[in-house]
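[1] would you be able to build a 3D model of this:
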Amino acid sequence: MYPELNGTVAVVTGGSRGIGAATARAFAAEGARVAVIGRDEEALGRVAKEIGGTGVPADVTDLAAIEAARRRIEAELGPAGVLCAFAGGGIARPGPTAAMSEEEWRSVVDGNLTATFLTLKTFLPGMQQRKAGSIITMSSSAGRLPTNLPGGGGREMGNPWGAPVAYEAAKAGVQALTRHVAAEAGADGVRANCLAPGTVRTERTERFMPREIQEAVAAGHPLARLGEAGDVASAALFLASAQSAWLTGLTLDIAGGRVML
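    Residues are numbered from 1 along each chain as shown. So this is what the prediction gives:
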């Protein structure tokens, strides 16, 4: 569908499972040379072998580690033309804002927002020098609307607090960071856009969300289903391609109509 992606070096962080892995597969199917970055070396190796790509173990909350990953990718594949900064992490329990510990806050903000910043900090300068590149970041519908409101995703799962406040704040921060980079780097030929998925059926969803809850959440979407990892991967391909050449600074809601902004 996107012949211009053939031969392009695409880097996907958080590429060992779920949305990241689906995105890596989608780029490989378009003929891109794909590097996947993640912390789980075994899972990373499986994805890399499947797509004929390069698996690079790295913790993207560590600037030295992500810099080393960039150097290895450039040596083995060449400079990145597409960067999918999809890695996210951190541990925090949903609950009242005042009940969240500082440790939980820092864990989630670092695992999502700081990780995205460090990834962009590492790969953006080269793109600006080459006067070309497409950056795609990963937010969430939780960064768009409070999840502790009716219909926000928490109450359907029997959780009146929705997602942890740190997660909502971090994902909203990813959107703001993306807009800032889009405005800053546009004159250098670099585009930056953001994806904000709703509830997506991944290995983690299947493991932790009972089937009846999945059905209840799906019913809350106008399109009456959960998202699939491929839905998000398809949007990433579009934003990386020449078909979106005049789009930058956009947050695209892949949420089955649950978020309409």
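[2] where does the stretch 51-200 of the chain dip in pLDDT?
    Across the stretch 51-200 of the chain, the ranges flagged by pLDDT under 70 are 149-161.
[3] quick one: the helices in the stretch 151-261 of the chain, in order.
    165-185, 203-208, 211-219, 229-240 (DSSP state H, counting those that start in this stretch).
[4] kindly apply the preceding question to the stretch 1-150 of the chain instead.
    Under DSSP H, counting those that start in this stretch, the stretch 1-150 of the chain gives helices at 18-29, 41-51, 63-76, 102-109, 115-130.
[5] nearest to Pro164 among the ones you listed would be which one?
    Shortest distance between Pro164 and the helices of the stretch 1-150 of the chain, using C-beta to C-beta, is found for helix 102-109: 6.2 Å. For glycine as for every other residue, the C-beta is placed from the backbone atoms N, C-alpha and C.
[6] just checking, what packs against the closest one?
    helix 165-185 (3 or more C-beta pairs under 8 Å, 6 or more residues apart in numbering; DSSP states H and E).
[7] buried residues in the helix it packs on?
    165-175, 177-179, 181-182, 185 (16 or more other C-beta atoms under 10 Å).
[8] give me the angle between it and helix 115-130.
    Counting by axes from the mean of the first three to the mean of the last three C-alpha atoms, to 10 degrees, helix 165-185 lies at 10 degrees to helix 115-130.
[9] contacts for helix 165-185, please.
    Applying C-beta atoms under 8 Å, 6 or more residues apart in numbering, the contact partners of helix 165-185 are 90, 92, 97, 100, 104-105, 107-109, 111-113, 116-117, 120, 124, 127-128, 135, 137-140, 142-144, 146-147, 162, 190-194, 196, 248-249, 251.
[10] and Val56, what does it touch?
    35-37, 44, 69, 72-73.
[11] switch the cut-off to 6 Å
    Contacts for Val56 (C-beta atoms under 6 Å, 6 or more residues apart in numbering) come out as 35, 37, 69, 72.
[12] farthest-separated two in those residues?
    Ile37 and Arg72 (9.8 Å).
[13] if we can go back for a sec, now distance to Gly53 too, for the helices of the stretch 151-261 of the chain, in a markdown table please.
    As requested, the helices of the stretch 151-261 of the chain are exported to a markdown table (distance: least, C-beta to C-beta, whole Å):
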| stretch | distance to Gly53 |
| --- | --- |
| helix 165-185 | 24 |
| helix 203-208 | 19 |
| helix 211-219 | 31 |
| helix 229-240 | 14 |
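[14] nearest to Val12, of the ones you listed?
    Closest to Val12 of the helices of the stretch 151-261 of the chain, according to C-beta to C-beta: helix 229-240, at 8.5 Å.
[15] helices or strands up against that closest one?
    Secondary-structure packing of helix 229-240 (3 or more C-beta pairs under 6 Å, 6 or more residues apart in numbering; DSSP states H and E): helix 18-29, strand 133-138, strand 190-197, strand 251-254.
[16] how about His221, nearest residue that isn't a chain neighbour?
    Ranked by C-beta to C-beta, 6 or more residues apart in numbering and with sequence neighbours excluded, the top spatial neighbour of His221 is Gly256, at 3.7 Å.
[17] how many residues are close by Ala242?
    For Ala242, the count of nearby residues is 10 (other C-beta atoms under 10 Å).
[18] tell me how far the residue lying closest to it once chain neighbours are set aside lies from Gly15.
    With sequence-adjacent residues excluded and distances taken as C-beta to C-beta, 6+ apart, Ala242 is closest to Glu4, at 4.9 Å. According to C-beta to C-beta, to the nearest Å, Glu4 and Gly15 sit 21 Å apart.
[19] same question for Pro94.
    From Pro94 to Gly15 the distance is 27 Å (C-beta to C-beta).
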